[in-house]
Every structure is written in structure tokens, then in C-alpha cells.
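>>> A predicted structure for the sequence below; I have some questions about it.
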Amino acid sequence: MRKLPFLNGIRAFEAAARAEGFAKAATELHVTPAAISRMVQLLEQRLGVPLFERKANRLALTAAGRAYQGGLTQIFDQLANLTAQVTAMAGSRVLTVGVGPTFATRWLIPRLADFQRTEPEIEVRFATGGATLPYNDDWTCGIRLGDGDWPEFVAEQLFAADFTPVCSPALAKRLKTPDDLKDATLLRVAHAADEWPRWFKVAGLSKIRAKGPEFEYYGQALQAAADGVGVAIGISPYIDDDLKAGRLVAPFAQSVSKGEHWYLIYRDVRKDEAAFVAFRAWIMRAAVEA
């Protein structure tokens, strides 16, 4: 249990030390100079150390007083800033979403017009996030792939992450069975090197190795696949719209669970922000409809 000292005395002392007098501190805190003096004396008694040297017509900080005031002023400044941030949250109409570039371009942005039709007053901002960067507290919320175990956050599941080979319609015509992949250009994603081997294992293709071009992001590999460069591993929901539109084809029925899900994550302190409440309702509904 946190043990805090005499808070009224602390406030009176910090104001008096900063103002270099009880009278100015009294004006700031809307009390009398005598009240400030009394609260400081009580604080000194409880701490067991003098904070001021009381001299004729002025106050002088003791060594302990200088050390205490330096830390307290910083703490009060931080508290004032934090209070201003929290107060601003309640009516905020700005939504900052930390999201990976591929999720943003292949799922969220194509649906953004629908959100803006329902919430035209909310200003939406995207920040680079996802699994590649730590969560930034300036964000309203984030969208992340994982197991949902982030102790500092509320994590609400959006959809599963399953993966399967995808390619252009023209290339798909030449892929009759999974074994035909041994003659195809297999596109890779640098941070998902295990996905082709995992899919091969499930498909019973132990001797095939993916040796095609490597990309930093899924979105780059999927664009290359749509352009006929080769076959990429496509992960849901990145490929959902392209499959529906026929830009990409999944030539084989076999898909593999990544063992993770997509989550909407946020800190509990932001749950009542107006912009977040609206976005949460919208994305949860969009995830069900996806």
C-alpha cells in the first residue's frame, strides 16, 4: 500500500518554496498566509526535518527543503500535464490508430470511407505500429497480431490469422496440385520465414524450399503475386478483398492457422473517449462482417 505524506502540507510547501514566501503562496492557493504557515509546520513535524529557515522578512530553504522542492515541482508539473491530457480525452474527436502498414492498406483503409460516413466529425490518424514497434501512448488504440496476452492493455479479438498460397489467376491455372509449386517462384516475407515450411508440412511437401524474392512486408509480396511475379503466402484478412475481387486466387483449399489472432488493443484509461467508443463499435461490427 502506498504511504503518502501530508498532501495539503506538501502543496503548501511547494507553492511557498517556489514563490519564496507564504503570502504569494497563499494568493496562489486561495488561503491565508497563516494557513500556509501552519500547513508547512505540520508537514515539517511529520517529516521530522525542517524545510525552511525562518529569517526576518524572508524564508530560506534548508538543504532538505531544496531537495524536496526540486522533486515536488517536477511531480506537480507532471500531474498538471496528465490531468490536462485526461480531461481532453473525454471530448476528443481525434482517433490515432497504431497499425502495421499492410493491415492499414489492405484492410483498414479500404473500409475507412464507411467509418467516416458514420462518424464524419472524427479525425482519423494512422501511425506506424503493429508488431514491429512498441505501443505509443499518444495512440488512441492499436491493432496487433498475437496471442492477446498484453498485460498492460485491454485486448479484444477481431479475427483469426490463417495463411495459404495465393497468386494471379493466370498463374493459378498452371497449379493443379500442391506438388506443382516446386517449379514456381515462391515469394517470401522476411519476418514470416516459417510460413512456407509450415504450409509445406501440412501439405506433405517436405522436399520443397521457398527460394524466391524476399520482401519486408506482406503487402509487397502480395502485390508481386497479383502482378504475376510468383506465389506468395497470403494471410487473412490481408487477402480477403483480393480473393473476392479475383485479383488473387488461392489455388489450393489447404490453409494453416498461424496460431494467433488480430486484436484491437487499448489502455483502459481511453475506453470512454468519444472517438474510441465510435471506432470500437465500428471495427467490431466490421470484423464480424468480414
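Cool, the structure landed. Small disclaimer: the values here were computed from a predicted structure and weren't measured.

>>> got a list of contacts for stretch 198-218?
Residues outside stretch 198-218 that contact it (Cβ atoms under 8 Å, 6 or more residues apart in numbering): 100-102, 106, 163-165, 178-179, 181-182, 185-192, 196-197, 221, 224, 229-230, 232-235, 238, 252, 254, 256. In this view, the C-beta of every residue, glycine as well, is placed from N, C-alpha and C.

>>> what do you get if the cut-off is 6 Å, keeping everything else the same?
Residues from elsewhere that reach stretch 198-218 (Cβ atoms under 6 Å, 6 or more residues apart in numbering): 101-102, 178, 181-182, 185-190, 196, 221, 230, 238, 254, 256.

>>> Could you pull out the buried residues of it?
198-200, 203, 205, 208, 210, 212, 215, 217-218 (16 or more other Cβ atoms under 10 Å).

>>> These into JSON lines, with extra columns for secondary structure and distance to R38?
Below are the buried residues of stretch 198-218 laid out as JSON lines (DSSP: H, G, I helix; E, B strand; the rest coil; distance: Cβ to Cβ, whole Å):
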{"residue": "R198", "secondary structure": "helix", "distance to R38": "72"}
{"residue": "W199", "secondary structure": "helix", "distance to R38": "75"}
{"residue": "F200", "secondary structure": "helix", "distance to R38": "79"}
{"residue": "A203", "secondary structure": "helix", "distance to R38": "81"}
{"residue": "L205", "secondary structure": "coil", "distance to R38": "83"}
{"residue": "I208", "secondary structure": "coil", "distance to R38": "83"}
{"residue": "A210", "secondary structure": "coil", "distance to R38": "77"}
{"residue": "G212", "secondary structure": "coil", "distance to R38": "79"}
{"residue": "F215", "secondary structure": "strand", "distance to R38": "70"}
{"residue": "Y217", "secondary structure": "coil", "distance to R38": "65"}
{"residue": "Y218", "secondary structure": "helix", "distance to R38": "66"}
